[in-house]
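K.L.:
Structure, please.
(one chain, ligands or ions: 1)
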Amino acid sequence: MKKRIVYADHNATTPLSPEALEAMGPYLKTVYGNASSLHVFGQESKKALEDAREAIAGLINAEKPEEIIFTSGGTESDNMAIKGLALSSLNKGKHIITTQVEHHAVLTTCEYLAANGFKADFVGVDKFCRVNPKDIINAVKPDTFLVSVMHANNEVGVIEPIAEIAKLLNIENEKRRSAGHPKIYFHTDAVQSAGKLKLDVAALGVDMLSISAHKFYGPKGVGAIYVKRGTPVEPILHGGHHERNLRAGTENIAGIKGMAKALEAACREREKEQPRLYFLRDRLEKGIVEKIPETTVNGHYLERISGTLNVSFKYVEGESLMLSLDLEGIAASTGSACASGSSEPSHVLKAMGADPATAQGALRFSFGHQNTDEDIDYILEVLPRIVSRLRAMSPWWAKEHPQQ
Ligand code: PLP
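P.N.:
Numbers count the residues shown, from 1 in each chain. Now for the predicted structure:
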């Protein structure tokens with residue numbers, strides 16, 4: 001088969017869609033006013049900003065557009081949710097509950113706070129990467145003020161039971177009110193689910209939700225956080241009066257317009273596109289398991305976002321595999337793009353109880369708009385050959401398969 005270029009790393013980032021680019025065009029070229037300026041130039045930008053806010057609020061079923069705050073992306077949204085609430089809880093609560101499988105934007109923020117006067121508990125997951133809602137509730141302390149659990153995991157694609165956790169937290173909050181304990185607010189990092197799953201903040205029952213445009217064919221460096229009315233977040237960036245004093249800095253109107261258009265398109269196409277990606281992913285999964293012995297599919301078989309496949313090949317380093325695939329034109333990943341370059345095995349696979357060899361041999365494929373059946377055929381032709389070659393060089397494989 002002829003060499004192809006296959007981009008299978010959409011969980012790291014997606015290309016900008018032509019639709020989003022078109023929506024951004026005027027704000028990169030002719031409409032340049034500062035949305036805080038009162039003159040006509042500024043007011044044109046201000047209108048674009050508020051239209052985008054309204055569109056995003058509608059797409060995630062927020063009650064009011066003001067509940068959407070624009071940020072520079074998922075990392076900032078997560079930091080704002082956690083540090084912003086921590087700052088407002090200084091004299092009320094000190095304890096945060098999160099999980100062991102969060103993105104580093106949440107994990108290291110909680111670790112930072114825990115090293116600076118707060119406390120954090122990192123709840124574990126089962127072997128499929130699912131959090132048990134009861135484990136979250138069991139971790140609650142009198143001074144807990146925040147629970148942060150991701151909607152879909154970036155490495156294995158597993159979907160967490162957000163609505164169930166919210167229900168249990170509501171019951172807990174009722175009890176706490178009569179006991180005089182601080183309310184527990186609930187944040188979800190929906191960076192990997194936005195555009196792939198239906199995002200309805202009311203149905204999910206969350207107080208805060210983070211999204212990032214570049215994961216759903218919008219531009220990089222722009223995101224948003226939903227903050228439910230009455231949730232007492234403090235700003236983490238100080239300066240001007242932008243975003244209702246919650247996030248200082250001149251708004252990136254082009255980026256924000258691109259994000260709103262990209263989310264609108266993703267929501268519109270979701271019902272058609274997601275089953276297509278589900279089918280591609282499943283074909284690859286079946287093909288790999290059939291063709292390559294001693295492989296493990298990591299994650300939940302059902303509760304998984306459609307385009308993500310994380311699979312471990314025994315006796316092979318995920319990193320060597322990824323680099324060999326790259327030479328053949330296939331872009332995949334060993335897990336989180338933010339953690340690549342570190343030789344540490346994935347914290348997500350470790351939390352799922354994977355043995356070190358399984359964790360080291362993991363490879364993530366994540367599919368999107370431009371992927372086709374031919375891409376899957378190509379991966380299924382190239383991958384078994386590469387795995388066999390790498391295994392043949394592994395002393396460990398030779399030791400366990402002396403006759404081959
Ligand atoms: N949260 C999750 C689950 C992610 O996958 C990512 C990016 O990979 C982030 C947060 C960070 O988002 P951003 O790259 O926009 O800062």
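K.L.:
measure the residue in the stretch 201-350 of the chain that the ligand sits nearest to to Pro219 for me?
P.N.:
Shortest the stretch 201-350 of the chain-to-the ligand distance, computed as C-beta to the nearest ligand atom: residue-wise this is Ser212, at 3.3 Å. C-beta here means a position set from N, CA and C on the backbone, and glycine is covered the same way. To Pro219, Ser212 is 10 Å away according to C-beta to C-beta, to the nearest Å.
K.L.:
Kindly report the same for His95.
P.N.:
The spacing between His95 and Pro219, counted by C-beta to C-beta, is 37 Å.
K.L.:
close to the ligand, is stretch 116-132?
P.N.:
No. No part of stretch 116-132 sits close enough to the ligand to count as contact by C-beta under 6 Å from any ligand atom; the gap is at least 12.7 Å.
K.L.:
outside of that stretch, which residues touch it?
P.N.:
By C-beta atoms under 8 Å, 6 or more residues apart in numbering, the residues outside stretch 116-132 that reach it are 86, 94-101, 107, 110-111, 113-114, 135-136, 139, 141, 143, 149, 153, 156, 158, 160-161, 165, 298-301, 303, 348, 351-353.
K.L.:
repeat for stretch 389-403
P.N.:
Stretch 389-403 is touched from outside by 313, 315-317, 320-321, 324, with contacts defined as C-beta under 8 Å, 6+ apart.
K.L.:
out of everything not next to it in sequence, what's closest to the residue of the stretch 201-350 of the chain closest to the ligand?
P.N.:
The shortest distance from Ser212 to any residue other than its chain neighbours is 3.4 Å, reached at Gly74 (C-beta to C-beta, 6 or more residues apart in numbering).
K.L.:
Report the helix or strand with the lowest average pLDDT across the protein.
P.N.:
Comparing helices and strands within the chain by mean pLDDT, DSSP states H and E singles out helix 395-400 as the least confident, with a mean of 82.
K.L.:
mind listing what's buried in that one?
P.N.:
With burial defined by 16 or more other C-beta atoms under 10 Å, the residues of helix 395-400 counted as buried are Trp397.
K.L.:
Report the backbone C-alpha coordinates of that helix in CSV.
P.N.:
As requested, the backbone C-alpha atoms of helix 395-400 are provided in CSV (Å, rounded to 0.1, in the frame of the first residue of the first chain):
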residue,chain,number,x,y,z
PRO,A,395,15.5,-9.0,24.8
TRP,A,396,12.4,-9.4,26.9
TRP,A,397,10.3,-10.7,24.0
ALA,A,398,13.2,-13.1,23.1
LYS,A,399,13.3,-14.4,26.6
GLU,A,400,9.6,-15.2,26.8
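K.L.:
re the thing from before, determine the number of other residues adjacent to the residue nearest to Ser212.
P.N.:
Counted with other C-beta atoms under 10 Å, the burial measure for Gly74 works out to 26 neighbours.
K.L.:
same deal with Asn34?
P.N.:
Asn34: 16 surrounding residues under other C-beta under 10 Å.
K.L.:
which element is it on?
P.N.:
Remark: Asn34 resides in no helix or strand, with elements defined by DSSP states H and E.
K.L.:
Am I right that it is in contact with Gln43?
P.N.:
No. Contact status for Asn34 versus Gln43: not in contact, 10.4 Å apart, counting by C-beta atoms under 8 Å.
K.L.:
Check Thr358 and give its pLDDT.
P.N.:
Each residue has a pLDDT score; the one for Thr358 is 88.
K.L.:
now it: how far from Glu317?
P.N.:
When distance is defined by C-beta to C-beta, Thr358 is 12 Å away from Glu317.
K.L.:
which of the two has more neighbours?
P.N.:
More crowded of Thr358 and Glu317, by other C-beta under 10 Å: Thr358, with 22 against 18.
K.L.:
Might you report the residue contacts of that one?
P.N.:
Contact partners of Thr358, counting by C-beta under 8 Å, 6+ apart, are 296, 298, 312, 314, 349.
K.L.:
Skipping adjacent residues, who's closest to the fourth one in space?
P.N.:
Which is Lys314. Spatial nearest neighbour of Lys314, excluding adjacent residues (C-beta to C-beta, 6+ apart): Glu294 at 4.1 Å.
K.L.:
Contact residues of the protein facing the ligand?
P.N.:
Within the chain, the positions near the ligand by C-beta under 6 Å from any ligand atom are 73-75, 78, 103, 105, 150, 154, 189, 191-192, 212, 223, 337-338.
K.L.:
can you do 8 Å?
P.N.:
For the chain, the residues in contact with the ligand under the definition C-beta under 8 Å from any ligand atom are 11-13, 72-78, 102-106, 150, 152-154, 189, 191-192, 210, 212-215, 220-221, 223, 336-338.
K.L.:
which ones among these are found in helices?
P.N.:
With DSSP state H as the criterion, helices contain 74-78, 104-106 from among the residues of the chain next to the ligand.
K.L.:
I'd like to know which of those residues is nearest to Glu328.
P.N.:
Within those, distances to Glu328 taken as C-beta to C-beta reach their minimum at His104, with 29.3 Å.
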